[in-house]
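Student: Okay, here's the prediction I keep looking at, along with the sequence it came from:
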There are 2 protein chains.
Amino acid sequence: MADPSVPIRFGIIGCADIARKLSRAINLSPTASLAAVGSRSSEKAAQFAAANNFPASAKVYGSYDAVLDDSEIDAVYIPLPTSLHVAWAVKAAEKKKHVLLEKPVAINAFEFDTIIEACERNGVQFMDGTMWMHHPRTSKIKEFFSDSESFGELKAVSSCFGFSVTPDFLENDIRTKPDLDGLGALGDVGWYCIRSILWAADFELPKFVTALPGTVFNKAGVILTCGASLHWEDGKVATFLCSFLQNLTMDVTFVGTKGTLHMHDFVIPYEENKASFSTGIKSGFNDLVTGWVPKPSEHTVMTDLPQECLMVREFSRLVADIKNKGAKPEIKWPMFSRKTQLTLDAVKESVYNGSKKVEIVD
Amino acid sequence: MADPSVPIRFGIIGCADIARKLSRAINLSPTASLAAVGSRSSEKAAQFAAANNFPASAKVYGSYDAVLDDSEIDAVYIPLPTSLHVAWAVKAAEKKKHVLLEKPVAINAFEFDTIIEACERNGVQFMDGTMWMHHPRTSKIKEFFSDSESFGELKAVSSCFGFSVTPDFLENDIRTKPDLDGLGALGDVGWYCIRSILWAADFELPKFVTALPGTVFNKAGVILTCGASLHWEDGKVATFLCSFLQNLTMDVTFVGTKGTLHMHDFVIPYEENKASFSTGIKSGFNDLVTGWVPKPSEHTVMTDLPQECLMVREFSRLVADIKNKGAKPEIKWPMFSRKTQLTLDAVKESVYNGSKKVEIVD
């Protein structure tokens, strides 16, 4: 068995902007270490390593393959454009590297299933890069949902995630290129809305989804703004809006029969060391309906480590258990990714087919 | 001319629960006085007057007609079930009484046009009972919208208003009876969502609306939960959910190209003497995308008089101008009501016709 005191050694494949945040997270994590970075040029990889405080021992490679061929690498973080996910995640799995993959996990669930299959066959852990899942606020909220006296039965979710991009982004960012991140705003930010909805619904898939009319596309047909409603057998309904064409907004509201919960920074908290949410429980009015009784209350959850670091810690813990204790990979993480992707696929189908009702068949 | 120092004398037609709040508001307003109440029985009217601090001079009538026949009454407040609005609002106008009418203003815009026509022909002021329009918070927010550097162009609105009702309400409340308030949750709370959306859109009507699938009806076919998306020519989109089957939630979020604004108590503020909203302006992230720069900020607007009192004051001011100065009625108030009703009618048509796209033709 390997020495359990050795941190999980990460290789980073590609020098995307988001990889800077993850490099810091890996550096901050006691159970993980930055061991390598690969880019299409070794100069770029070296620059990235220097700019992101890689340890002197870290290796710098002029290709992605070289990272995968390095037998000292345990796990890879893949922040490549979505269209490249299936190729590189499968290759990584075949080389027995555990896979931390940026979202959206694939262009569609069919491609994602290829990734899952490769990870399963090779006994490697899969996790996607949805960081907020690992914030202690998230588990605190789950406790609130689980308390039937506080929240009751989930009835509705409403989410909105959009931000404002520059004209340069609209022209040149990979998220507006059909051959790179062809899912546009739906993949980039709609992913989070869908994830928050499924998470609140305990990952029960909706029965069907309907895109809202009025999707905004760029000239290449990539989604810049869209929305959808999601519907469950029991009458639960969720709506979301996602956009590249509005001020930064990051809302999710969960409404139950007895409780209501609001977050306005659910994906990236306003501040790194704490995050808030507000709850109303059995809210009502005073006798003359001139005020609320009880009023909602605000809750703040502190965290020593930022959420991306907690993600790295959880992923590393699972990898270490596999590596050192012969544990099996935790299958809930690829399941969360897959259900998010399946729902996103259904929304996309509705978007491109005149808002038709699309049933989700798993 | 009448003596301008005499307050506007209100008669109340019907002893609905909401009339208690309005009675207090009229009592609190220096420019208005409670002059009469009419009910189907004079006992009930007398009880209501006693329980709601009517002055000793106030008259108590055993019919609605008697209030309208009283030449000392300037204006009536009509909190009757929606199906009775057209009959009593028209009668009131014919008797030259100014009309403060509870929402929804009518069963449909066709009926409402009959009311407007009667008010116009008789030179009386019309206003509906949408109280939040008169809160100083509302004008403060309008200033924010008008500042192109703070908010930019409106892109999206999301609203949710629902509350939890008792089994008794579901059986017996007039809002669940097709022959009384046949618009159900759409009329009772969806009205406010639609009003907030139109208000933010400067009362430009949407081009079309689409109900979300999954409306919940009671056995009599009255809406208990529904939702819709509203769409404008310029790509603006709004969604709302309204319900009798969830915890009290009262949200509206306005998203512009440069700003975002949240309220969680837009119809009835948590507290009577103040109301808050939060704004994000040109929101973005720090360099590593681990926090927001700038963070949104919270604003609180104080008010000496509760919003329903400010509504009575504004209505009374308009009535006094007509009565004492020969002014014309202010037409913006019936216009606001009419556009809200037209939009509500379109949503209802879509709800009852399989979420079909319903164009709004004015």
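Tutor: Arrived safely, thanks for sending.
Student: Show me what the closest residue to A:Asp265 other than its chain neighbours bridges to in the sheet.
Tutor: The shortest distance from A:Asp265 to any non-neighbouring residue, by Cβ to Cβ, 6 or more residues apart in numbering or on different chains, is to A:Met250 (5.3 Å). Yep, even glycine has a C-beta here, placed from its N, CA and C like the rest. Beta-bridge pairing of A:Met250 under DSSP bridges involves A:Phe161, A:Asp265.
Student: A:Met250 and A:Leu198, how far apart?
Tutor: 17 Å (Cβ to Cβ, to the nearest Å).
Student: More neighbours: which of the two?
Tutor: Legend: neighbour count by other Cβ atoms under 10 Å in any protein chain shown for A:Met250 and A:Leu198, higher for A:Met250 (26 against 21).
Student: Check whether the worst-scoring helix or strand of chain A on mean pLDDT comes near chain B.
Tutor: Scoring the helices and strands of chain A by mean pLDDT, DSSP states H and E places helix A:167-172 at the bottom, with a mean of 88. No: figure legend: helix A:167-172 not in contact with chain B (Cβ under 8 Å from any Cβ of the partner chain); closest approach 12.5 Å.
Student: Quick check: buried residues in that helix?
Tutor: A:Leu170 (16 or more other Cβ atoms under 10 Å in any protein chain shown).
Student: Equivalent analysis for stretch A:71-91, please.
Tutor: A:73-86, A:88-91.
Student: which ones among these are found in helices?
Tutor: A:His85, A:Val86, A:Trp88, A:Ala89, A:Val90, A:Lys91 (DSSP state H).
Student: quick one, what contacts the fourth one?
Tutor: What it means is A:Ala89. Taking Cβ atoms under 8 Å, 6 or more residues apart in numbering or on different chains, we find A:Ala89 in contact with A:Ile78, A:Val99, A:Leu101, A:Ile115, A:Ala118, A:Cys119, A:Phe126.
Student: out of those residues, which are inside strands?
Tutor: Judged by DSSP state E, strands contain the following of the contacts of A:Ala89: A:Ile78, A:Val99, A:Leu101, A:Phe126.
Student: which one of those residues has the most neighbours?
Tutor: Busiest of the ones in strands among the contacts of A:Ala89 [other Cβ under 10 Å] is A:Val99, holding 31 neighbours.
Student: which residues touch that residue?
Tutor: Contacts of A:Val99 by Cβ under 8 Å, 6+ apart are A:Ala75, A:Val76, A:Ile78, A:Ala89, A:Ala92, A:Ala93, A:Ile115, A:Cys119, A:Val124, A:Gln125, A:Phe126, A:Met127.
Student: Which positions in the helix or strand harbouring A:Ala49 come out as buried?
Tutor: Element membership of A:Ala49 [criterion: DSSP states H and E] is helix A:42-51. If you call a residue buried by 16+ other Cβ under 10 Å, then helix A:42-51 has these buried ones: A:Lys44, A:Ala45, A:Ala46, A:Phe48, A:Ala49.
Student: For A:Pro269, state which of the residues you listed is nearest.
Tutor: A:Phe48 (26.0 Å; Cβ to Cβ).
Student: on that earlier part again, may I see the contacts of A:Ala89 arranged in TSV, with pLDDT as well?
Tutor: Putting those into TSV (pLDDT from 0 to 100) gives the following:
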residue	pLDDT
A:Ile78	98
A:Val99	98
A:Leu101	98
A:Ile115	98
A:Ala118	98
A:Cys119	98
A:Phe126	98
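Student: Reformat the residues you listed as TSV; add distance to A:Phe161.
Tutor: Listed next are those as TSV, based on distance: Cβ to Cβ, whole Å:
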residue	distance to A:Phe161
A:Ile78	22
A:Val99	25
A:Leu101	20
A:Ile115	24
A:Ala118	30
A:Cys119	28
A:Phe126	24
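Student: Sketch out the low-pLDDT regions of chain A for me.
Tutor: For chain A, residues meeting the criterion pLDDT under 70 lie at A:1-2.
Student: Show me which residues of the stretch 51-200 of chain A are close to chain B?
Tutor: A:Gly152, A:Lys155, A:Ala156, A:Ser158, A:Cys160, A:Gly162, A:Phe163, A:Ser164.
Student: residue of the stretch 101-250 of chain A with the smallest distance to chain B?
Tutor: A:Leu248 (3.8 Å; Cβ to the nearest Cβ).
Student: how about that residue, secondary structure?
Tutor: Assigned with DSSP: H, G, I helix; E, B strand; the rest coil, A:Leu248 falls in the strand class.
Student: I'd guess A:Leu344 is in a helix, am I close?
Tutor: Yes: read with three-state DSSP, A:Leu344 is one of the residues of a helix.
Student: burial measure for it, as a count.
Tutor: Neighbours of A:Leu344 (other Cβ under 10 Å): 26.
Student: quick one, what contacts A:Pro306?
Tutor: A:Ala25, A:Leu28, A:Glu272, A:Asn273, B:Thr290.
Student: Just send those residues back as CSV, with secondary structure too.
Tutor: Converted to CSV, these look like this (three-state DSSP):
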residue, secondary structure
A:Ala25, helix
A:Leu28, helix
A:Glu272, coil
A:Asn273, coil
B:Thr290, coil
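Student: Could you identify which of the residues you listed has the most neighbours?
Tutor: Going by other Cβ under 10 Å, A:Ala25 tops these with 25 neighbours.
Student: what residues are up against it?
Tutor: Applying Cβ under 8 Å, 6+ apart, the residues near A:Ala25 are A:Pro306, A:Glu308, A:Cys309, A:Met311, A:Val312.
Student: Give me the outermost residue of chain A relative to its centroid.
Tutor: A:Leu288 (45.0 Å; Cα atoms, centre = their mean).
Student: Kindly provide the distance from the residue most central in space within chain A to A:Ser196.
Tutor: Central residue of chain A (Cα atoms, centre = their mean): A:Thr130, 2.2 Å from the mean position. A:Thr130 sits 9 Å away from A:Ser196, going by Cβ to Cβ.
Student: Now do the buried residues in stretch A:302-312.
Tutor: So for stretch A:302-312, counting by 16+ other Cβ under 10 Å, buried means A:Thr303, A:Leu305, A:Pro306, A:Gln307, A:Glu308, A:Cys309, A:Leu310, A:Met311, A:Val312.
Student: Would you map the strands across the stretch 1-150 of chain A?
Tutor: Counting by DSSP state E, counting those that start in this stretch, one finds strands in the stretch 1-150 of chain A at the ranges A:8-13, A:32-38, A:59-61, A:75-78, A:98-101, A:126-128.
Student: Is it correct that A:Met263 is in contact with A:Tyr270?
Tutor: No: using Cβ atoms under 8 Å as the test, A:Met263 is too far from A:Tyr270 to be in contact (10.4 Å).
Student: Compare these two (neighbour count), which wins?
Tutor: Using other Cβ under 10 Å as the criterion, A:Met263 and A:Tyr270 rank with A:Met263 on top: 22 against 18.
Student: what's the closest non-adjacent residue to the more buried one?
Tutor: Here the residue nearest A:Met263, using Cβ to Cβ, 6+ apart, is A:Phe277, at 4.8 Å.
Student: out of everything not next to it in sequence, what's closest to A:Leu198?
Tutor: A:Lys339 (5.6 Å).
Student: ok so the one you found is a helix residue?
Tutor: Yes: assessed with three-state DSSP, A:Lys339 lies in a helix.
Student: give the contact list for it.
Tutor: Counted by Cβ under 8 Å, 6+ apart, A:Lys339 has contacts A:Leu198, A:Phe203, A:Leu205, A:Asp362.
Student: Kindly give a single PyMOL line that selects the buried subset of the residues you listed.
Tutor: Buried residues among the contacts of A:Lys339 (16+ other Cβ under 10 Å), as a PyMOL selection:
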select buried, chain A and resi 198+205
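Student: Pick out the most distant pair among the contacts of A:Lys339.
Tutor: Longest span within those, Cβ to Cβ: A:Leu198 and A:Asp362, 12.2 Å.
Student: okay, and the common contacts of the two?
Tutor: Common neighbours of A:Leu198 and A:Asp362 (Cβ under 8 Å, 6+ apart) are A:Leu205, A:Lys339.
Student: residue ranges of the helices in chain A, please?
Tutor: According to DSSP H, the helices that chain A contains are A:17-28, A:42-51, A:64-69, A:85-94, A:109-121, A:136-146, A:167-172, A:184-185, A:191-200, A:307-325, A:332-351.
Student: All set, thanks.
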